[in-house]
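Undergrad: structure for this input, please:
(2 chains)
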Amino acid sequence: MGLDTALHEIRRLDDLAGLDTPLHRLDARAKVLVTLLYLVSMLSLGRYEFSRLLPFAAFPLILAVQGGIPLSLLLRRAALALPFVIFVGIFNPLLDRSVQMALGPLAITGGMLSFASIVLRSLLAVTTGLVLLAVTGFDQICRALGRLGMPTALLVQLQFLYRYIFVLADEALRMLHARVQRCARDKRPNLREFRTLLGSLLLRTLDRAGRVHQAMLCRGFDGQMPELRPTSRFGPAEWRFCLIWGLFLIAVRILDLPLYLGGKAGGLVPGVLP
Amino acid sequence: MHMADALLSPAVGGTMWAASAGLLAYSSSRLKATMDDRRVPLMGVLAAFVFAAQMINFSIPGTGSSGHLGGGLILAVLLGPHAAFLAIASVLSVQALFFADGGLLALGCNIFNLGFFPCFLCYPFIFKPLAGENPSKGKLMTASIIAAVVGLQMGAFGVVLETVASGISELPFSSFVLLMQPIHLAIGLVEGMVTAMLVVFLHKARPELFNAPQPGAESRPLRPVVIGLALAALVTAGTLSWFASADPDGLEWSMGKVSGKEELEAPEHGIHNTLDALQKRIAFLPDYNFKEPVAAKSESSASETKTEAKPAESWPNVSAGTSLAGLIGGFMTLCLAGLVALVLRRRTHVKA
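TA: A predicted model of the protein is given here:
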């Protein structure tokens, strides 16, 4: 991903996090905790349990719709994360050839099932993470994590990084544009150009750190950062959110909902199942 | 390079999270004790630099591929190990949140793989001794390249160990190692070169950065901390795997490996049976898995589907009827979720 696309993507997610829906207004801690429960319960399913992963799609789907997050954006981003997962998972169908089930003449091996489940796990985990960010916002997530025990130094570090990503990325983009204009072709820099480019970016970074420090001193910085607390409180709506989704997640983790539904469906239409 | 959620089991992910969280807490407390207030903005801005620099690629002559800066080592050189660890952790967190690089459960693994090795092992034990007190250009070059290569090899090995321990992927340990290490040798060489160039450049342009004492770098030996962390990780792993074994699904794979069988007989008592009983009690139609017709069919077709003729009590009950019912039901629930989402969307539109 290029620097300008990366910046664009960050701004896009920031814009979405700035929307004002009931879901956005919920305290970040509730959303963070439920997302963690979601990841643990979803990823702890066995590797052949492809069908049991499917009900878990309800969480990111429903949250995305409630929060006004376009599904196309989520799917596109989830697809970007697939290559490494496929690279590692593609060997499963070759290595595990025990037949697990038959769809008519087609034998489904354990490897196929586990590969499909790896891909689905990746899609679900990525979309859920993005939905959490898009309905909460980076700042609020950091504050929530700070409240849940993350060290203050890391909280401050995350806030600083987030503020200066845009400044430094803009700086880097200006340098890249200037280079393209001087050499009149838009291709990757070679090693020598790269060294000069990165070296001067690093020098500018260090200078900027000095200026930022001076500006902070001017505003009365005494080495202590102000405490960053969550801006909302954990009220009844948050408890309700945690309770409903918690029960749902525990239910789909313990009970094989798809098997039950599928059995019912098979019973209604004779001949569907062998 | 990034470990991914999809390949990770919660027990491994949780253990690595515990290890990384311990290191983060340790680094923060060290920084607090020795805080030089210029370091606060410096850490933030340098992390942003690494973030931006990782997205500027250069072309590697003759290969058609491209390389970029890794970041862990250069941060350790400029900030010292503790501050660098926090900085690289912040970069990885932003990448995990905004670009889904790795994922949230895997973030613990990634912080450990890409932060602990370069900051706490390669920088103090490889880079510093090799570069020496008054480093020359050549010494800086060698030290950076070797430290970066070793760090990336360790990181890649970490990914392999975490993947194999999680047991989601089928790749055997040996072939995965043979796949990962050479690729990362090449990546590490490129990364080491870039880091070396930057270090040499900076050494020429800003020599004072290299003479400043780095607080907290060696003032306390690391060994007790490492031992403490290892113990904490062991305890967490033990606790988590106990929870996991209370629910056999997640440990099915390791059972299979240990006992040499794909499936285990269901234990006579214990939590699985309780859950099973609960499931049976809740289900209105307990015979939903179409055992009889399946057995009959597999007998008649009598070819590759022999596995289905297993005794019905064996767990997990893998029969075509069950699995197919599961699949159909799975897609039904997916549709159901989609339907609920659609209705919700309709309602939000009306409201808006």
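Undergrad: excluding residues flanking it in the chain, which one is nearest residue A:3?
TA: Closest residue in space to residue A:3, ignoring its immediate chain neighbours: residue B:55 at 4.3 Å, by Cβ to Cβ, 6 or more residues apart in numbering or on different chains. The way it works is simple: take the backbone N, C-alpha and C, and place the C-beta from them, glycine included.
Undergrad: surely that neighbour touches residue A:6?
TA: Yes. Under the criterion of Cβ atoms under 8 Å, residue B:55 makes contact with residue A:6 at 5.5 Å.
Undergrad: joint contacts of the two?
TA: Taking Cβ atoms under 8 Å, 6 or more residues apart in numbering or on different chains as the criterion, residue B:55 and residue A:6 both touch residue A:169.
Undergrad: quick one on the thing from earlier: residues contacting the residue nearest to residue A:3?
TA: So residue B:55 contacts A:1, A:2, A:3, A:6, A:169, B:68 (Cβ under 8 Å, 6+ apart).
Undergrad: show me where the chain has its helices.
TA: Defaulting to chain A. A:3-17, A:22-25, A:28-43, A:50-53, A:58-66, A:71-80, A:82-89, A:92-95, A:110-136, A:138-147, A:152-183, A:191-218, A:236-254, A:257-268 (DSSP state H).
Undergrad: that answer is for a different chain, and I need it for chain B
TA: Under DSSP H, chain B gives helices at B:10-33, B:39-53, B:72-79, B:81-99, B:107-111, B:128-131, B:137-166, B:173-205, B:208-211, B:223-246, B:252-259, B:271-282, B:291-301, B:320-351.
Undergrad: using a markdown table, lay out the contacts of residue B:55 together with neighbour count.
TA: Formatted as a markdown table, those follow (neighbours: other Cβ atoms under 10 Å in any protein chain shown):
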| residue | neighbour count |
| --- | --- |
| A:1 | 13 |
| A:2 | 12 |
| A:3 | 20 |
| A:6 | 19 |
| A:169 | 22 |
| B:68 | 17 |
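Undergrad: what is the nearest of these to residue A:198?
TA: Using Cβ to Cβ, residue B:68 comes nearest to residue A:198 of the contacts of residue B:55, at 9.4 Å.
Undergrad: let me know whether that closest one touches residue B:193 as I believe.
TA: No. The criterion here is Cβ under 8 Å, and residue B:68 misses it with residue B:193 at 11.4 Å.
Undergrad: now stretch B:44-61: average pLDDT?
TA: The average pLDDT within stretch B:44-61 is 83.
Undergrad: ok, now stretch A:52-71?
TA: Mean predicted lDDT for stretch A:52-71 stands at 92.
Undergrad: same deal with stretch B:143-162?
TA: 92.
Undergrad: lowest confidence element among the helices and strands of chain B?
TA: helix B:252-259 (a mean of 40; mean pLDDT, DSSP states H and E).
Undergrad: ok, residue B:59 - how many residues close by?
TA: 17 (other Cβ atoms under 10 Å in any protein chain shown).
Undergrad: where's it relative to chain A, distance?
TA: Residue B:59 sits 4 Å away from chain A, going by Cβ to the nearest Cβ, to the nearest Å.
Undergrad: that residue is in contact with residue B:68, isn't it?
TA: No. In this structure, residue B:59 is not within contact of residue B:68 by Cβ under 8 Å, at 11.0 Å.
Undergrad: low-confidence ranges in the stretch 1-150 of chain A?
TA: A:1 (pLDDT under 70).
Undergrad: can you give me the domain assignment for the chain?
TA: Because you didn't say which chain, this covers chain A. Per automatic domain parsing, the structural domains of chain A span A:3-147, A:152-218.
Undergrad: switch to chain B, that's the one I care about
TA: Split by automatic domain parsing, chain B gives B:5-246, B:287-351.
Undergrad: these: lowest mean pLDDT?
TA: Across these, domain B:287-351 gives the lowest mean pLDDT, at a mean of 53.
Undergrad: so what's residue B:100 up against?
TA: Contacts of residue B:100 (Cβ under 8 Å, 6+ apart): A:77, A:78, A:80, A:81, A:126, A:129, A:130.
Undergrad: next: residue A:125.
TA: A:39, A:42, A:43, B:4, B:5, B:6, B:103, B:104, B:105.
Undergrad: can you pull the contacts of the first one?
TA: Applying Cβ under 8 Å, 6+ apart, one finds that residue A:39 lies in contact with A:125, A:128, B:5, B:10, B:103, B:104, B:105.
Undergrad: spatially, what comes nearest to residue B:148 if we skip its sequence neighbours?
TA: residue B:192 (3.4 Å).
Undergrad: now for that neighbour, how many residues are close by?
TA: 24.
Undergrad: before we move on, what about residue B:13?
TA: Neighbour tally, residue B:13, other Cβ under 10 Å: 27.
Undergrad: and it, how far from residue B:53?
TA: Distance of residue B:13 to residue B:53, computed by Cβ to Cβ, to the nearest Å: 28 Å.
Undergrad: again with residue B:85
TA: Taken as Cβ to Cβ, the span from residue B:85 to residue B:53 is 18 Å.
Undergrad: and residue A:94, by the same measure?
TA: In terms of Cβ to Cβ, residue A:94 sits 38 Å off from residue B:53.
Undergrad: which of these two has more residues huddled nearby?
TA: Neighbours of residue A:94 and residue B:53, each counted by other Cβ under 10 Å, are more numerous for residue B:53; the result is 25 against 12.
Undergrad: and for that one, nearest residue in space, chain neighbours not counted?
TA: residue B:69 (4.5 Å).
Undergrad: residue contacts, residue 159?
TA: If you meant another chain, say so; for now it's chain A. By Cβ under 8 Å, 6+ apart, the neighbours of residue A:159 are A:139, A:142, A:228, B:44.
Undergrad: switch to chain B, please.
TA: B:1, B:3, B:109, B:113, B:180.
Undergrad: repeat that for 6 Å
TA: residue B:3 (Cβ atoms under 6 Å, 6 or more residues apart in numbering or on different chains).
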